[in-house]
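[1] got a sequence here, can you model it:
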Amino acid sequence: MAVVSGKFHMVKDIFEGKDFLRLKVRVVRMWKSCSKNELDKSFAIELALVDTEGERIQASIRKPSQ
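    Now for the predicted structure:
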């Protein structure tokens, strides 16, 4: 499915090898992933996302290495 201006892919359209996706999702849950050794230090933000059809997916945003 080619993206036309104003059109979005659904979560069910995601597959390996897809180079460009335009998703419209809502964040339904967000939490921090912490190191097992240092619980006060988070290394990523985890998100549970849902599209307009109710399909869900989890996403991670990692902190940059410092």
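[2] looks like residue 50 contacts residue 56 (just checking).
    Yes: taking Cβ atoms under 8 Å as the definition, residue 50 is a contact partner of residue 56 at 5.0 Å. Using the backbone N, CA and C atoms, a C-beta is placed for each residue, glycine as well.
[3] between these two, tell me which one has more neighbours.
    With neighbours defined as other Cβ atoms under 10 Å, residue 50 and residue 56 compare such that residue 50 has more, 15 against 12.
[4] next up, identify which helix or strand the more buried one is on.
    Following DSSP states H and E, the helix or strand that holds residue 50 is strand 42-51.
[5] nearest residue to the middle of this protein?
    Ranked by distance to the mean C-alpha position of the chain (Cα atoms, centre = their mean), the top residue is residue 59 at 2.9 Å.
[6] what about the nearest residue to residue 9 once chain neighbours are set aside, how many neighbours?
    Using Cβ to Cβ, 6 or more residues apart in numbering and skipping the chain neighbours, the partner closest in space to residue 9 is residue 21 (4.8 Å). In terms of burial, residue 21 registers 14 neighbours under the definition other Cβ under 10 Å.
[7] quick one: residue 21 is in a strand?
    No: if the criterion is DSSP: H, G, I helix; E, B strand; the rest coil, then residue 21 is coil and not within a strand.
[8] shouldn't it be in contact with residue 14?
    Yes: the pair residue 21 and residue 14 qualifies as a contact (Cβ under 8 Å) at a distance of 6.4 Å.
[9] what's in contact with stretch 16-24?
    Under the criterion Cβ atoms under 8 Å, 6 or more residues apart in numbering, residues 3, 7-11, 13-14, 49, 51-52 lie in contact with stretch 16-24.
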